[in-house]
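> I would like the atomic coordinates for the input below:
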Amino acid sequence: MDINFNKNEDHNKLLVSSLKHKLSRIYKGGGEKRIEKLHSEGKLTARERIDYLLDTDTHSIEIGALAGDGMYEEHGGCPSGGVVVKIGYVSGKQVIVVANDATVKAGAWFPITGKKNLRAQEIAMENKLPIIYLVDSAGVYLPMQDEIFPDKEHFGRIFRNNAQMSSMGITQIAAVMGSCVAGGAYLPIMSDEALIVDKTGSIFLAGSYLVKAAIGESIDNETLGGATTHCEISGVTDYKMKDDKEALDTIKKIVGKIGDPEVAGYNRIKPAAPTENQADIYGILPKSRTDQYDTKEIIKRLVDGSEYEEYKEGYGKTIITCYARIDGWAVGIVANNRKLVKTKQGEMQFGGVIYSDAADKATRFIANCNQKKIPLVFLQDVTGFMVGSKSEHGGIIKDGAKMVNAVANSVVPKFTIVMGNSYGAGNYAMCGKAYDPRLIAAWPSAELAVMSGNSAAKVLMQIEKASLKKKGEVLDQAKEEELFAKIKSKYDAQVSPYYAAARLWTDAIIDPLDTRKWISMGIEAANQAPIEKRFNMGVLQV
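Numbers count the residues shown, from 1 in each chain. Alright, predicted model coming up:
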């Protein structure tokens, strides 16, 4: 191994270590004292509930662990968006679990909480996965109610989705394990079956204080909406449980009796590990986001047997298109080649840039995968489409539009891994969040933005200088360098994968060595939702 490999390896392992350290803090939710308080009430934490519910010795993946990171600091923060979401297995069946974290503002809903809940429901609806809600929430976080209450993608959309999923035949099970108040009370009751834990679970549209204020009635919360009331008087809930563990054990039994789903029929054979050392990814991926490297070496460490069949290998070389298997599943891979390449005409093309021929090749390959019913995997490290007069005259906009069209209209499931750069329209063409990937994860080396921090800072710097010049101000070199550094620092923070993950532009930041697990579990989920429409590119079909 050369010295650059070792430097890259050290850098990328440090990034993964930092990720794990940050996650270990986030996993504590509102902190040790609030966890202790929950335990003193006879309750498990959200993560303990999920861990108890999921089958032992099976894989799981967490959606949005970094949601809310660095946001709402003036309100005390909102680790993981105040809700934990995992895809895993219960009684041998793949499910998605949504658990309110009562250690974070009593499980109150911040704007990002609503967005994360909607993302969980979207995953359930796209893949027809059973969804389990573990409810323990004080409802909408009132200081920010204007950002969570009335709009289309706000709190009320949750209950609309409950109704939609019911009509789609998607199993929904809710366990009320703490507070469930006001509008939130509709969620468990709009589920197929609802459990409630005695003495700790409660459901009501208005609590005892509000009832007293509104109509003058004096009543305690347990009598108003506790387990006995709703299981024996109102009939709102179906099962009265003595504690958290009994509720979770009952859910396991219910899920274990769900019939097998129809399947889409994606091809799978016996899985095989890559023959190349997967950990080499740390040394191959360069420390600098501008350095070139051979993306094919990354692919070899992600696919079964390190084997793939490349489509149009000698054409459109800045995008790699190939068929392979990941954990036994057949996949079509579309990857940005970050290696400087030479065309048959002797021209050099920059790695990570999408040229017309590469866009044309990718469009045809995406269409082929749709015809063959092969899931698509996008490996992003893209700086954008090629610019300049030659590209414009050659129709780069038309070829780029065809590729975007193919991605947008794909009917096979798509999965996106942001390995490095994800800039501008390249993000769109390579199946960014706006193009409905079933799952989208980033490596710690990722950067997501309109352009790189350095390029953006130069543009913004020119605008700032022009503005100051109009005011009659002239910057000396020292002040110009200081202003540039300030602008770049601010933009670099927004380019960070953590900034993106906090806002759920990606589902997670993951260790590159977990990539195969994410894609495999994602395809397994997608296989439960048969394709219901044909691939059609509309006016750009010809």
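
> where does this protein have low pLDDT?
Along the chain, segments meeting pLDDT under 70 span 1, 183, 453, 539-542.

> And the helices in the stretch 201-350 of the chain, which stretches?
Counting by DSSP state H, counting those that start in this stretch, the stretch 201-350 of the chain has these helices, from start to end: 208-215, 221-225, 227-228, 244-256, 281-284, 295-300.

> Compare the ones you listed and give me the one nearest I463.
When the helices of the stretch 201-350 of the chain are ranked by distance to I463, counting by Cβ to Cβ, first place goes to helix 295-300 at 34.5 Å. C-beta: built from backbone N, CA, C; applies to glycine.

> ok, G92 - how many residues close by?
Neighbour count of G92, defined by other Cβ atoms under 10 Å: 9.

> Give me the phi and psi angles of it.
When quoted as degrees, to the nearest 10, the phi and psi of G92 stand at phi 80, psi 0.

> Report the secondary structure state of the closest residue to it other than its chain neighbours.
Setting aside the residues directly before and after it, G92 is nearest to D55 in space (Cβ to Cβ, 6 or more residues apart in numbering), at 6.8 Å. Three states are possible here, and by DSSP: H, G, I helix; E, B strand; the rest coil the one that applies to D55 is coil.

> Distance check, D55 against Y209.
The gap separating D55 from Y209 is 41 Å, by Cβ to Cβ, to the nearest Å.

> which of the two has more neighbours?
In this view D55 and Y209 are compared by other Cβ under 10 Å, and D55 has more residues nearby, 14 against 9.

> which residues touch the more buried one?
D55 makes contact with G88, Y89, V90, S91, G92 under the criterion Cβ atoms under 8 Å, 6 or more residues apart in numbering.

> Can you pick out the ones from those that are in strands?
When strands are assigned by DSSP state E, the members of the contacts of D55 inside them are G88, Y89, V90.

> Dig out what the last one forms beta bridges with.
In this entry, V90 is beta-bridged to K93, by DSSP bridges.

> so how many other residues sit close to it?
Number of residues near V90 (other Cβ under 10 Å) recorded here: 24.

> correct me, but it touches V255?
Yes: checked against Cβ atoms under 8 Å, the pair V90 and V255 is within contact range at 4.5 Å.

> what do those two both touch?
Common neighbours of V90 and V255, using Cβ under 8 Å, 6+ apart, are I132.

> Flag every buried residue along stretch 329-346.
Within stretch 329-346, the residues scored as buried using 16 or more other Cβ atoms under 10 Å are W329, A330, V331, G332, I333, V334, A335, N336, N337, R338, K339, V341.

> List just the nearest of those residues to A406.
A406 lies nearest to V334 out of the buried residues of stretch 329-346, by Cβ to Cβ, at 9.9 Å.

> How much space separates the nearest residue to that closest one once chain neighbours are set aside from A102?
Taking Cβ to Cβ, 6+ apart as the measure, V334 lies nearest to F378, with 5.1 Å between them; neighbours along the chain are not counted. F378 sits 37 Å away from A102 when distances are taken as Cβ to Cβ.

> The two: which is more packed in?
Comparing F378 with A102 by neighbour count (other Cβ under 10 Å), the higher total belongs to A102, at 28 against 25.

> Please identify the helix or strand for the more buried one.
A102 belongs to no helix or strand when elements are defined using DSSP states H and E.

> Next: M177.
Take DSSP H and E as the rule and M177 turns out to sit in strand 172-181.

> so after that strand, what's the next helix or strand?
On the C-terminal side of strand 172-181, the nearest following helix or strand under DSSP H and E is helix 186-189.

> ok so, going back, pipe the contacts of D55 into TSV and attach distance to K33 per row.
Written out in TSV, the entries for these read as follows (distance: Cβ to Cβ, whole Å):
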residue	distance to K33
G88	28
Y89	33
V90	31
S91	35
G92	38
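
> which among the residues you listed gets closest to R47?
Distance to R47, by Cβ to Cβ, is smallest for G88 among those, at 12.2 Å.

> Run a quick neighbour tally on the closest one.
By the measure other Cβ under 10 Å, the count of residues near G88 is 20.

> was I right about it contacting V95?
Yes: with the criterion set as Cβ under 8 Å, G88 and V95 qualify as a contacting pair; they are 6.8 Å apart.

> what's the longest helix in the chain?
Counting residues, the longest helix found in the chain (DSSP state H) is helix 3-26.

> Would you indicate which residues of the helix or strand just after it are buried?
For helix 3-26, the following helix or strand on the C-terminal side (DSSP H and E) is helix 32-40. Along helix 32-40, the positions that meet the burial threshold by neighbour count (16+ other Cβ under 10 Å) are R34, I35, L38.

> from the middle of its chain, how far away would helix 32-40 be?
From the chain centre to the centre of helix 32-40 is a distance of 29 Å (Cα atoms, centre = their mean, to the nearest Å).

> Send me it as CSV with only the CA atoms.
Taking Å, rounded to 0.1, in the frame of the first residue of the first chain, the C-alpha atoms of helix 32-40 are listed here in CSV:
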residue,chain,number,x,y,z
GLU,A,32,-29.1,10.2,31.9
LYS,A,33,-31.3,12.0,34.5
ARG,A,34,-34.4,11.8,32.3
ILE,A,35,-33.7,8.2,31.5
GLU,A,36,-33.5,7.5,35.2
LYS,A,37,-36.8,9.3,35.7
LEU,A,38,-38.5,7.2,33.0
HIS,A,39,-37.2,4.0,34.7
SER,A,40,-38.5,5.1,38.1
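
> which other helices and strands contact that helix?
Helices and strands touching helix 32-40, as assessed by 3 or more Cβ pairs under 8 Å, 6 or more residues apart in numbering; DSSP states H and E, are absent.

> Report the angle between it and strand 172-181.
Between helix 32-40 and strand 172-181, the angle comes out at 110 degrees (axes from the mean of the first three to the mean of the last three Cα atoms, to 10 degrees).

> Contacts for helix 32-40, please.
For helix 32-40, with Cβ under 8 Å, 6+ apart as the criterion, the contacting residues are K28, G29, L44, T45, A102, T103, V104.

> could those residues be laid out in JSON lines, adding distance to V495?
Compiled in JSON lines, the contacts of helix 32-40 are given as follows (distance: Cβ to Cβ, whole Å):
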{"residue": "K28", "distance to V495": "28"}
{"residue": "G29", "distance to V495": "28"}
{"residue": "L44", "distance to V495": "38"}
{"residue": "T45", "distance to V495": "33"}
{"residue": "A102", "distance to V495": "34"}
{"residue": "T103", "distance to V495": "31"}
{"residue": "V104", "distance to V495": "27"}
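
> No further questions, thank you.
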